[in-house]
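J.: When you get a sec, could you give me coordinates for this:
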Amino acid sequence: MPQAVAQRPRISGIGTANPKSTYTQAELLDRYRMTDPRIASIFENSHIDQRHLLLPDLDEHGRPVDESQGQLLVKHRSHGIEMASQALLRCLEDAGAEIDDIDYLCCVTSTGFLTPGFSALLINELGIPRDCHRSDVVGMGCNAGLNGLNTVASWAQSNPGRLAIMICVEVCSAAYVFDGTMRTAVVNSLFGDGAAAVALRADPRAGRGPAVLKFASRLIPEAMQAMRYDWDDDHNKFSFYVDRDVPYVVGAHAEEVLASLLEGTGVRRSDVSQWIVHSGGKKVIDSVRVNLGLTAHDLRHTVSVLRNYGNLSSGSFLFSYRQLVEEGRVSPGDHGVFMTMGPGSTIEMALLRW
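T.: As a prediction, this is how the structure comes out:
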């Protein structure tokens, strides 16, 4: 195992960014004049204290301006570039690297569609080398951060010593529909805006970050329609949909994905001391905790990110990872598991070793 770890790509830096504007759940209920007790209960029992959101200005009647799909795409692009740039620069500083060091850039998003995508836009915006290899992962949802990390780790593995970057950028407020229904209330009570960047390099000198050892993935076809982002004819916009049974679907299949991840590695479940799970919502977190036999301490960073940021879609797990790094309690030889879940329905996992 030590030799294999030395050859694997290692996380060498992390950086995150959010809009400056924050809202409590009570402030959002008041701003959008949502008075239905059932909707209020969803917001109030979400275990979210605040979220960073880019909301429209109020009109002359004190109501938020209704944004067209075109305006939402402009928001996705402009604020996405801004947040992604901030996260990337902080990541590079953490990794002790410069813009010119970037050899591969992968951008992940699900809150808008752009062509050219964020990778090209950021290369132009920040002066990243024009010959930088790149990819864009679009539309995969909350699980997509680990799908992107898999691609980035594979590239880093094939190009030892060269710097690869993944950026998850989600302007979830560019995908909101407010119509007073329970369907949209579930989504509107949950998601926040944010970006997270992570640096990888297959180099023993890459720093103290963990080596990425293995990935595991599982698609659950019978729950294909449980999480969707599709066109809403009533509002002429794209709109999220999350089925109420999603937590139970994820929990019921988590064990088999973990078994697949650990198979053949020599790592037992009891060897895993660090758990970074996507902050998908209180019921999702509880379902994962129960089905994998985890403790509240194991999921402390997952719960903290949900409480202070909401669900940040593909970048949520990197916000939790940043908190783990800042906590400073990881020891050499520790094993960790990253876990994300999203549309498909899909569960993704990665095994790491410090």
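J.: how near is R218 to E256?
T.: To E256, R218 is 7 Å away according to C-beta to C-beta, to the nearest Å. All C-beta spots, glycine's among them, are computed from the backbone N, C-alpha and C.
J.: With neighbour numbers in mind, choose between the two.
T.: Set R218 next to E256 and count neighbours by other C-beta atoms under 10 Å: R218 wins out with 18 against 12.
J.: where's that one, which helix or strand?
T.: Using DSSP states H and E, R218 sits in strand 211-219.
J.: same deal with L105?
T.: L105 belongs to strand 102-109, assigned by DSSP H and E.
J.: what about stretch 112-123, how long is it end to end?
T.: One end of stretch 112-123 to the other measures 19 Å (C-alpha to C-alpha, to the nearest Å).
J.: Wasn't Q274 part of a strand?
T.: Yes. Counting by DSSP: H, G, I helix; E, B strand; the rest coil, Q274 falls inside a strand.
J.: Look at it and say how many residues are nearby.
T.: Neighbour tally, Q274, other C-beta under 10 Å: 21.
J.: do F338 as well
T.: 25.
J.: Just give the nearest non-adjacent residue to it, would you?
T.: A350 (4.2 Å; C-beta to C-beta, 6 or more residues apart in numbering).
J.: Likewise for Q86?
T.: Nearest non-adjacent residue to Q86, counting by C-beta to C-beta, 6+ apart: A17, 3.6 Å away.
J.: ok, that neighbour to R269 distance?
T.: 34 Å.
J.: who's in contact with I48?
T.: Residues counted as contacts of I48 (C-beta atoms under 8 Å, 6 or more residues apart in numbering) are Q25, S189, L190, L306, R307, G310.
J.: Near the first one, how many other residues are there?
T.: Read it as Q25. Neighbour tally, Q25, other C-beta under 10 Å: 20.
J.: Let me see the backbone angles for it.
T.: phi -60, psi -40 (degrees, to the nearest 10).
J.: If you tally nearby residues, what's the number for the nearest residue in space to it that is not next to it in sequence?
T.: Spatial nearest neighbour of Q25, excluding adjacent residues (C-beta to C-beta, 6+ apart): F43 at 4.3 Å. Using other C-beta under 10 Å, F43 has 19 other residues around it.
J.: what packs against the strand or helix carrying F43?
T.: Using DSSP H and E, F43 sits in helix 37-44. Applying 3 or more C-beta pairs under 8 Å, 6 or more residues apart in numbering; DSSP states H and E, one finds that helix 37-44 makes contact with helix 25-31, helix 182-188.
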